[in-house]
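Undergrad: predicted model, plus sequence, below.
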Amino acid sequence: MAGLRSVQSVADVVDNLPSSGRVLVAIVGSPGAGKSTIAEALVARLPDAALLPMDGFHLPQAELRRLGRRDRMGAPDTFDVDGFLAVLRALRAGEAVTAPGFDREVEEAVPGSLRVDAPVVIVEGNYLLLDSGGWEAAAPLFDATFFVEVERGIRLERLIKRHERFGKSPTDARAWALGPDESNALLIEATAARADHRIRLP
């Protein structure tokens, strides 16, 4: 499958999707792949589009500690999958929804910070094509799915810089990028074949 080489080419695909109601589009990729940046740029190019990031559905830090999962935050079972699916289904039904955002400074969801009520909703996240853990119910709700591909070295460099920007030391940033993030990336990249389209920006 040839990869789409520009955000505009992705926008063109979305513009031409057949639909009698709201259009839901998934932008999927590993940590550091650039999916958030692409999704934001896509929304800027599409009239009447809104963004819904999956990050807002992270479980609270206190709950992750209680479950013994804090040291692998970002894994599939560290999200509120049921809450995320409920929002997707409401959007699919044409409803306006209130959804959580995410504050990277404190690594906590911000309840009720997003209002989503647009004809086109761009959803970006890691596990939208995963076929286990409850995530398998997500993919059928989308009109189109896109997987973002990027060279591993570039992705890791971005990740390390991001972790440093939000307070980790260079050593801790690299350890997290090569540890939990990389474990998640391997799982996410195995879902690429399920996407309708690939995005391979220069």
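TA: Great, that's in hand.

Undergrad: elements contacting the helix ranked longest in the chain?
TA: Counting residues, the longest helix found in the chain (DSSP state H) is helix 152-165. Contact partners of helix 152-165 among helices and strands, from 3 or more C-beta pairs under 8 Å, 6 or more residues apart in numbering; DSSP states H and E: helix 170-178, helix 180-189. Backbone N, C-alpha and C define where each C-beta goes, glycine included.

Undergrad: show the contacting residues for residue 84.
TA: By C-beta atoms under 8 Å, 6 or more residues apart in numbering, the contact list for residue 84 reads 54, 57, 138.

Undergrad: ok, now residue 105?
TA: Residue 105 makes contacts with 166-167, as judged by C-beta under 8 Å, 6+ apart.

Undergrad: how much space between it and residue 128?
TA: Going from residue 105 to residue 128 by C-beta to C-beta, to the nearest Å gives 25 Å.

Undergrad: poorly predicted segments of the chain, please.
TA: 1-2 (pLDDT under 70).

Undergrad: centroid residue for it?
TA: residue 125 (1.1 Å; C-alpha atoms, centre = their mean).

Undergrad: which residues does it bridge with?
TA: Beta-bridge partners recorded for residue 125 (DSSP bridges): residue 28.

Undergrad: for the remainder of this discussion, apply numbering that starts at 81.
TA: From this message on, residue numbering opens at 81, which makes the last subject residue 205.

Undergrad: ok, it touching residue 136?
TA: No. Residue 205 lies out of contact with residue 136 (C-beta atoms under 8 Å); the separation is 9.6 Å.

Undergrad: re earlier: now render the contacts of residue 164 as CSV, adding secondary structure.
TA: Putting the contacts of residue 164 into CSV (DSSP: H, G, I helix; E, B strand; the rest coil) gives the following:
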residue, secondary structure
134, helix
137, helix
218, coil
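
Undergrad: now, which of those residues sits nearest residue 235?
TA: residue 134 (17.6 Å; C-beta to C-beta).

Undergrad: residue contacts, the closest one?
TA: 159, 164, 203-208.

Undergrad: make CSV out of those and add distance to residue 227.
TA: Formatted as CSV, the contacts of residue 134 follow (distance: C-beta to C-beta, whole Å):
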residue, distance to residue 227
159, 19
164, 18
203, 13
204, 11
205, 12
206, 11
207, 12
208, 9
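
Undergrad: which one among these gets closest to residue 116?
TA: residue 204 (5.8 Å).

Undergrad: how distant is the lengthiest strand in the chain from the center of its chain?
TA: Longest strand in the chain, counting residues (DSSP state E): strand 188-196. Centroid separation for strand 188-196 versus its chain: 15 Å, with C-alpha atoms, centre = their mean, to the nearest Å.

Undergrad: so what's residue 170 closest to, chain neighbours aside?
TA: residue 177 (4.9 Å; C-beta to C-beta, 6 or more residues apart in numbering).

Undergrad: what about the one you found, how many residues nearby?
TA: Neighbour count of residue 177, defined by other C-beta atoms under 10 Å: 18.

Undergrad: on that earlier part again, now do the contacts for the residue nearest to the centre of the chain.
TA: Taking C-beta under 8 Å, 6+ apart as the contact definition, residue 205 lies against 106-108, 115, 133-135.
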